[in-house]
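In: What follows is a predicted structure for the sequence shown.
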Amino acid sequence: MIEIDDKIVSADLLHECFACDLAACKGACCVEGNAGAPLEADEVDVLEREYEAYKPYLTPEGIAAIERQGFMVIDDDGDYTTPLIDNAECAYSCCENGITFCAIEKAWKEGRTAFRKPISCHLYPIRLVRFSNGTTGLNYHRWSVCETARTCGKRLGIPVYKALREPIIRRFGEEFYQALEAAANYLHTK
């Protein structure tokens with residue numbers, strides 16, 4: 001573990017490799033699992049406010065799930081998560097050419113919304129943990145559906161933190177990312 005400011009970072013983020021391989025996994029992370037993606041409290045308001053912007057990209061089943069369950073659900077741990085379609089794929093997902101991906105992000109790419117997608121999805125496979133003392137932990141989540149991403153990352157030599165540069169900066173800022181990179185460089189030279 002590495003401490004940077006008020007964050008505890010798993011060293012796995014610096015030495016494990018990862019690079020999404022959608023052609024191989026087909027976006028399984030948007031479909032598999034036992035709960036929706038974690039949501040920040042302020043993201044729920046954004047999801048509601050921006051609904052009309054990304055709604056055209058949703059499937060009819062996704063629209064029905066959102067309109068029935070709301071823009072978020074509370075999971076067994078009391079956390080906000082995305083609603084699911086029939087306890088399977090995320091209600092905010094869509095499918096194109098056999099690949100499942102985020103309908104919100106598709107709307108963002110087309111300039112329809114300023115909200116890219118929930119930060120937990122953008123940061124994946126990093127999972128955030130909030131401790132009672134205010135510290136945030138950044139952990140590397142290993143999930144079988146991402147095996148091809150680990151293989152691809154190893155082949156390309158891309159550590160997790162480099163693969164996730166953009167979402168790390170989105171969530172924690174450029175200065176934090178630079179400190180993370182400095183820590184990785186320091187550990188690499190040891």
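Out: Alright, I've got the coordinates.
In: Need phi/psi at Thr136.
Out: The phi and psi values for Thr136, taken as degrees, to the nearest 10, are phi -110, psi 130.
In: Test my guess that it contacts Val129.
Out: Yes - using Cβ atoms under 8 Å, Thr136 is in contact with Val129, at 7.1 Å. Every C-beta, even on glycine, is put in place using the N, C-alpha and C of the backbone.
In: and the two? which has more neighbours close in?
Out: Regarding Thr136 and Val129, a neighbour count based on other Cβ atoms under 10 Å identifies Thr136 as having more, with 15 against 11.
In: For this structure, which residue occupies the most central location?
Out: Closest to where the C-alpha atoms of the chain average out (Cα atoms, centre = their mean) is Cys121, at 1.7 Å.
In: The nearest residue to it once chain neighbours are set aside: what's it in contact with?
Out: Leaving out its chain neighbours, the residue that sits closest to Cys121 by Cβ to Cβ, 6 or more residues apart in numbering is Ala37, at 5.1 Å. Residues touching Ala37, when contacts are defined by Cβ atoms under 8 Å, 6 or more residues apart in numbering, comprise 81-82, 90, 118, 120-121, 124.
In: Counting neighbours, which of those residues comes out on top?
Out: The residue in those with the most neighbours, by other Cβ under 10 Å, is Thr82 (31 neighbours).
In: what's the closest non-adjacent residue to it?
Out: For Thr82, the closest residue by Cβ to Cβ, 6+ apart turns out to be Gly36, at 3.5 Å.
In: in stretch 166-183, what counts as buried?
Out: Applying a neighbour-count criterion of 16 or more other Cβ atoms under 10 Å, one finds 167-168, 171-172, 176-177, 179-181, 183 buried in stretch 166-183.
In: closest to His15 among those residues?
Out: Ala183 (10.9 Å; Cβ to Cβ).
In: what packs against the strand or helix carrying that closest one?
Out: Here Ala183 is covered by helix 174-189, with elements defined by DSSP states H and E. Helices and strands in packing contact with helix 174-189 are listed as strand 2-4, strand 7-9, helix 12-15, helix 160-163, helix 165-172; criterion 3 or more Cβ pairs under 8 Å, 6 or more residues apart in numbering; DSSP states H and E.
In: Now the ones you listed in CSV, please, with extra columns for mean pLDDT and distance to Ser144.
Out: Supplementary listing: those in CSV, determined by pLDDT from 0 to 100; distance: least, Cβ to Cβ, whole Å:
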stretch, mean pLDDT, distance to Ser144
strand 2-4, 86, 27
strand 7-9, 91, 24
helix 12-15, 91, 16
helix 160-163, 94, 17
helix 165-172, 96, 22
